[in-house]
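Trainee: what follows is a predicted protein model with its sequence.
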Amino acid sequence: MLPTEHRLRRREDFATAVRRGRRAGRPLLVVHFRSGATDPHAAGECVPPTRAGFVVSKAVGVAVVRNRVKRRLRHLMRDRLDRLPAGSLVVVRALPGAGTADHDQLARDLDAALQRLLGGVPRGCNPPGAATDSGCAAGPRNPGRDPGGSAQ
């Protein structure tokens, strides 16, 4: 279970992470990440803990399936909180395929998304030592579309 102080509860905090943070999509989930956000509701000058929230819609499945997905995601995030900077906001949004996925598949997608958000290999880039030596010089996949949005 995710400790209470690490839970994201306020609507404004969810909105901040989703609208002002970065995101990484995977086949089973989308992770929204806002690094080092300060908590306007906290008293004093201390750095707030990393907080995580979860969005699991009815598209994922019936109530039993949605609750199972939320429990699995909470468990997975609890084990990964120490990797995230203090004061960060994380929102994990489950996609419809998450309802039929097992624990290991959710863990792989969550790890890949967090790695990308925390400075791992960006999407579309070749890993070091790959066939091309140019790295990310190929440019964006969709040149006519701004994938980052305007709220960055």
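Mentor: All right, it came through fine.

Trainee: mind listing the helices for the chain?
Mentor: 11-20, 63-80, 103-117 (DSSP state H).

Trainee: turn these into TSV, columns for mean pLDDT and mean neighbour count.
Mentor: Glycine gets a C-beta too; all of them are placed from N, C-alpha and C. Shown next, in TSV, are the helices of the chain (pLDDT from 0 to 100; neighbours: other CB atoms under 10 Å):
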stretch	mean pLDDT	mean neighbour count
helix 11-20	91	15
helix 63-80	94	16
helix 103-117	94	18
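
Trainee: nearest to residue 88, of these?
Mentor: Among these, helix 11-20 comes nearest to residue 88, with 8.7 Å by CB to CB.

Trainee: roughly how far is the closest one from the heart of the chain?
Mentor: 12 Å (CA atoms, centre = their mean, to the nearest Å).

Trainee: that one - contacts with which helices or strands?
Mentor: strand 29-34, strand 51-56, strand 89-94 (3 or more CB pairs under 8 Å, 6 or more residues apart in numbering; DSSP states H and E).

Trainee: follow-up on the earlier one: out of the helices of the chain, nearest to residue 91?
Mentor: Once these are compared by CB to CB, helix 11-20 is nearest, at 4.5 Å.

Trainee: CA atoms of the closest one as CSV?
Mentor: Taking C-alpha atoms only, helix 11-20 is exported to CSV below (Å, rounded to 0.1, in the frame of the first residue of the first chain):
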residue,chain,number,x,y,z
ARG,A,11,-7.9,17.8,-7.9
GLU,A,12,-5.6,20.8,-8.3
ASP,A,13,-2.6,18.6,-7.8
PHE,A,14,-3.7,16.1,-10.4
ALA,A,15,-4.3,19.0,-12.8
THR,A,16,-0.9,20.5,-12.1
ALA,A,17,0.8,17.2,-12.9
VAL,A,18,-1.2,16.5,-16.0
ARG,A,19,-1.2,20.1,-17.5
ARG,A,20,2.3,21.3,-16.5
